[in-house]
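> I'd like to go over a predicted model; first the sequence, then the structure.
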2 protein chains.
Amino acid sequence: MWDTLIHNGMVLTADRSFTVITQGAVAVQQGCIEKVWALPARAPLPAARETVDAQGSIIMPGLINAHTHLPMALFRGLADDLPLQQWLNDHIFPAEAQHITPASVRLGTRLACAEMLLGGTTTCCDGYFLADSVAAELEQCGMRAVVGQGVIDFPAPGVPDPALNVAVAEAFVRQWGATSGRIKPSIFCHSPYTCSAATLQAAKAAAARLGVRFQVHVAETRDETEQMLREHGCTPIGYLHRLGVLDADTLLVHAVWVDAADIAIIAGSGARIAHCPQSNMKLASGVAPVPAFLSAGIPVGLGTDGCASNNDLDLWSEMDSAAKLAKVQCLDPTVLDAVAMVRMATIDGARALGLAETIGSLTPGKRADLILVDIDQPHLTPLYHPASHLVYAARAADVRHVMIDGRWAVRDRKLQTIDLDVLLPEVNRFCARMRTCHADKTFAQDH
Amino acid sequence: MWDTLIHNGMVLTADRSFTVITQGAVAVQQGCIEKVWALPARAPLPAARETVDAQGSIIMPGLINAHTHLPMALFRGLADDLPLQQWLNDHIFPAEAQHITPASVRLGTRLACAEMLLGGTTTCCDGYFLADSVAAELEQCGMRAVVGQGVIDFPAPGVPDPALNVAVAEAFVRQWGATSGRIKPSIFCHSPYTCSAATLQAAKAAAARLGVRFQVHVAETRDETEQMLREHGCTPIGYLHRLGVLDADTLLVHAVWVDAADIAIIAGSGARIAHCPQSNMKLASGVAPVPAFLSAGIPVGLGTDGCASNNDLDLWSEMDSAAKLAKVQCLDPTVLDAVAMVRMATIDGARALGLAETIGSLTPGKRADLILVDIDQPHLTPLYHPASHLVYAARAADVRHVMIDGRWAVRDRKLQTIDLDVLLPEVNRFCARMRTCHADKTFAQDH
């Protein structure tokens, strides 16, 4: 007898041949996907402890957010529409220096989990400081995640002495590496311009030794690229390549300012990319050449980046933006089609995170991370192609049920692991304290 | 005694100084906004027939969609990711030729109204054929609209003889012009490459004579611009200017391929622009220079375009996309800030449609078109700046109540003028018939 049987819905597997079953069922047993098959509406149902009627829904893999800074959910909308350095130096860095503690990191992460879960994101790949608190909160909320401890050559929350940055990251990985569950530790170097060559190499060596993913922001802005050319005589990608930190366990975040030689280097190294189009748009960083990445066979996942630069953790609008941005950039409407985008937010995201054996498609043997999307609504009617609706018309609020590792995290749009009546007032109290501290510059509300 | 009192919410007026009242109230009387003022939570409430507690909500003007083709909601997701001519000739035009009738136009318009109303859009500016059916349905659904009868030099639904295209449009305007209510008739020329100079001039002359808005798609693609240069020796905007059809009652739709001289022409003529960024992105048309339009003082409204090229009628994601696209295009994060975007979707849209005296802001004396946005949710917490949330984080599903002309069209996310239990099955039956007719080319669902 199965644990859970979900039937009478359209099943979008995101498997290798992108199989869609118009009327199908998914069986879950001990946290794993046991069977995926066509099952007519009136067929007798196999026995299961729990049976879910998916009428009017698409059953699909949970979405995978390949790049986040979860605690920054507390800074959502704190400062927008500003030049990057002013945004960072006058708003984000001071806010972090004054308000980021283990407690606020847990609070921000819980807020982020609430948003992600309600919107059908079941896995994220995070990079922040005080990663132990991020990881603990993600585990408690029932999410799956790769959690990177930040490494930067400046004093940072939880790492007042930058000489210890790699050692702190290594200790975090050792602490969480022993667990074989939903949380995978990782090391996240902030960037080639905020970490020295020695730091980048030591951090990558530690990640390799411990067998975990190495994440790094790279080639995000034109300024960064010009600085690298000036200081090192090569592009940011060329620089990381020269340092020997590119391989199949490296996740390159942004990769906006890359040329054909850079793309060849990335493809040759086996490194993966986290594409964050809305952040790159909002911060006016530029447009990553994603169609060229895919042509070169580079696995590309889709990320929202932190809430301070997006301003949400919504992979539905991110899919829509990624597809449309690539088309207008290339002046070619055929690039990044709907199927490619659904893959990017599911199985390709899993590949980018090194989790493709475990999640990313509804394939028997994988962990049961899946969502039900309610398509019985005006903006999703009529239905000609499910991938088209998921990319170009569906929204986070259309997610009805969310299962992670075989357990329900959302049922009928209600969170099962987080109490919003406690969480939201607590966030509002935090925000009121921030407002008091920074009233001079940020919070003019009445224009 | 007022008809309706809405209190205890944050009021975003979108008035000239973009006044935001942290804790305020709006009074409605005989379909008009009577008073907008600060009112503390525990103050005694003035008498009203109906009192609405807006706690946890932003009260703001209804959104204005400056460009739609409503009946095309029936073709949502029918064909995506294709070159423009293949999309039009192999999919859209055949579908229209076979399936567009007065009945299907009403059905598609009703479906579009359901989506628009649930997402807080209270006014739209439409252009399609069989406009009488579009107008009748919009009126029945309780929406406000400018409705354009399509003019094109080819046989079209309801206009088999193109020699009569302007006469048909004129008759439509006369029929609806007598009513002084929510529906304003208009004449919509398809484009300078599908209408002759004589047609454009006759249509504009008729619109001017009848005192209604003249709409035209223009400068949408590079191909169109090259064709105009080849055939007429000037840009599409220069061509319309030479024909004498640009003035303050002309709405230019798209205006993507325009140069500095074109912008000066538009500004000098007083013409207005409907900006449709997601459609321009998805069809790979290009990026309109919107910051330059605003600098030149041109009123710019925001449009979704039809559902076949978006694929929704969601002005929330359209605001987000418009802001982010302009920033990345200019490599300047300060352009099209959140306040500019809220204006574009409200008061500037009203200006583009010639309705700024009537709607677009919560100003005493204007008609009571307003919405309540539920911000007591994880993805809208904390709140630092309301405009930031509305543009960068809010979604259509966050709209709780919608009032048009003083009447509720949506209460607690439920439509008051449309029965979805009747509408959606009817749309699905229509779609099944389409599927049968076009099975050969369009509807391969199982990849």
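Received, thanks. Numbers count the residues shown, from 1 in each chain, chains lettered A, B, ... in the order given.

> Around chain B, which positions in the stretch 51-200 of chain A sit nearby?
A:74, A:76-84, A:87, A:111, A:114-115, A:118-119 (Cβ under 8 Å from any Cβ of the partner chain). Glycine gets a C-beta too; all of them are placed from N, C-alpha and C.

> which one of these has the most neighbours?
Neighbour counts for those (other Cβ atoms under 10 Å in any protein chain shown) peak at residue A:76, which has 32 neighbours.

> low-confidence ranges in chain A?
Applying pLDDT under 70 to chain A flags residues A:178-180, A:438-447.

> Let me know how buried residue A:356 is, in neighbour terms.
By other Cβ under 10 Å, 17 other residues sit near residue A:356.

> That one: which element?
Using DSSP states H and E, residue A:356 falls within no helix or strand.

> And chain B, is stretch A:3-19 touching that?
Yes. Contact of stretch A:3-19 with chain B (Cβ under 8 Å from any Cβ) involves A:17-19.

> Buried only: go through those for me.
A:18-19 (16 or more other Cβ atoms under 10 Å in any protein chain shown).

> ok, the residues of stretch A:3-19 next to chain B vs residue A:59, which is closest?
Closest approach to residue A:59 among the residues of stretch A:3-19 next to chain B (Cβ to Cβ): residue A:19, at 12.1 Å.

> Need the nearest residue in space to that closest one, chain neighbours excluded.
residue A:13 (4.6 Å; Cβ to Cβ, 6 or more residues apart in numbering or on different chains).

> now the host helix or strand of residue A:93, how far from the chain's geometric center?
In the assignment (DSSP H and E), residue A:93 maps to helix A:93-99. Offset of helix A:93-99 from its chain centre (Cα atoms, centre = their mean, to the nearest Å): 23 Å.

> Residue A:431 reaches residue B:385, doesn't it?
No. In this structure, residue A:431 is not within contact of residue B:385 by Cβ atoms under 8 Å, at 11.6 Å.

> what about residue A:50, distance to residue B:290?
Residue A:50 sits 51 Å away from residue B:290, taking Cβ to Cβ, to the nearest Å as the criterion.

> Can you pick out the residue with more neighbours from these two?
For residue A:50 versus residue B:290, neighbours defined as other Cβ under 10 Å are more numerous around residue B:290 (25 against 11).

> what phi and what psi does the backbone show at the more buried one?
Backbone torsions of residue B:290, given as degrees, to the nearest 10, read phi -60, psi -40.

> Run a quick check on it versus residue B:324, I expect a contact.
No. Residue B:290 sits out of contact with residue B:324 when judged by Cβ under 8 Å, with a separation of 11.9 Å.

> Bridge partners for the residue most central in space within chain A, pull those for me.
For chain A, the residue nearest the mean C-alpha position is residue A:65 (1.9 Å; Cα atoms, centre = their mean). Here residue A:65 sits in beta bridges with residue A:124, going by DSSP bridges.

> is it true that it touches residue A:123?
Yes. Contact status for residue A:65 versus residue A:123: in contact at 7.1 Å, counting by Cβ under 8 Å.

> quick one on the thing from earlier: please work out how many residues are found near the residue nearest to residue A:19.
22.

> ok, the residue nearest to residue A:281 when sequence neighbours are not counted - contacts?
Take residue A:281 and drop its neighbours on the chain: the residue closest to it by Cβ to Cβ, 6+ apart is residue B:324, 3.5 Å away. Shown in contact with residue B:324 (Cβ atoms under 8 Å, 6 or more residues apart in numbering or on different chains): A:278, A:281-282, A:321.

> Check residue A:357 too.
residue A:366 are the contacts of residue A:357 under Cβ under 8 Å, 6+ apart.

> and the gap between it and residue A:347?
The value you get for residue A:357 to residue A:347, if Cβ to Cβ is used, is 11 Å.

> ditto for residue A:296
On the measure of Cβ to Cβ, residue A:296 and residue A:347 end up 18 Å apart.

> Tell me which of these two has more neighbours.
The neighbour comparison of residue A:296 against residue A:347 (other Cβ under 10 Å) goes to residue A:347, with 26 against 14.

> thought residue A:67 was touching residue A:253?
Yes. Counting by Cβ under 8 Å, residue A:67 sits close enough to residue A:253 to count as a contact (5.1 Å).

> wait, isn't the residue nearest to residue A:19 in contact with residue A:33?
No. Using Cβ under 8 Å, residue A:13 is not in contact with residue A:33, being 9.6 Å away.

> what is in contact with those two at once?
What both residue A:13 and residue A:33 touch, as defined by Cβ under 8 Å, 6+ apart, is the set A:362-363.

> Outline the domain layout of chain A.
A:2-61+A:364-413, A:63-352 (automatic domain parsing).

> coming back round to it: mind listing what the residue nearest to the centre of chain A touches?
A:116, A:121, A:123-125, A:302-304, A:313, A:315, A:349.

> Helices - which of those land there?
A:116, A:315, A:349 (DSSP state H).

> show me where the stretch 301-447 of chain A has helices.
A:315-330, A:338-345, A:347-352, A:386-392, A:420-437 (DSSP state H, counting those that start in this stretch).

> What is the neighbour count of residue A:421?
For residue A:421, using other Cβ under 10 Å, the count is 6.

> if I look at it, how far off is residue A:114?
Distance from residue A:421 to residue A:114, by Cβ to Cβ: 12 Å.

> Residue A:55 contacts residue A:8, correct?
Yes. At 4.9 Å, residue A:55 counts as touching residue A:8 under the criterion of Cβ under 8 Å.

> Next, count neighbours for residue A:363.
18.

> can you tell me which residues contact residue A:267?
Contacts of residue A:267 by Cβ under 8 Å, 6+ apart are A:296-298.
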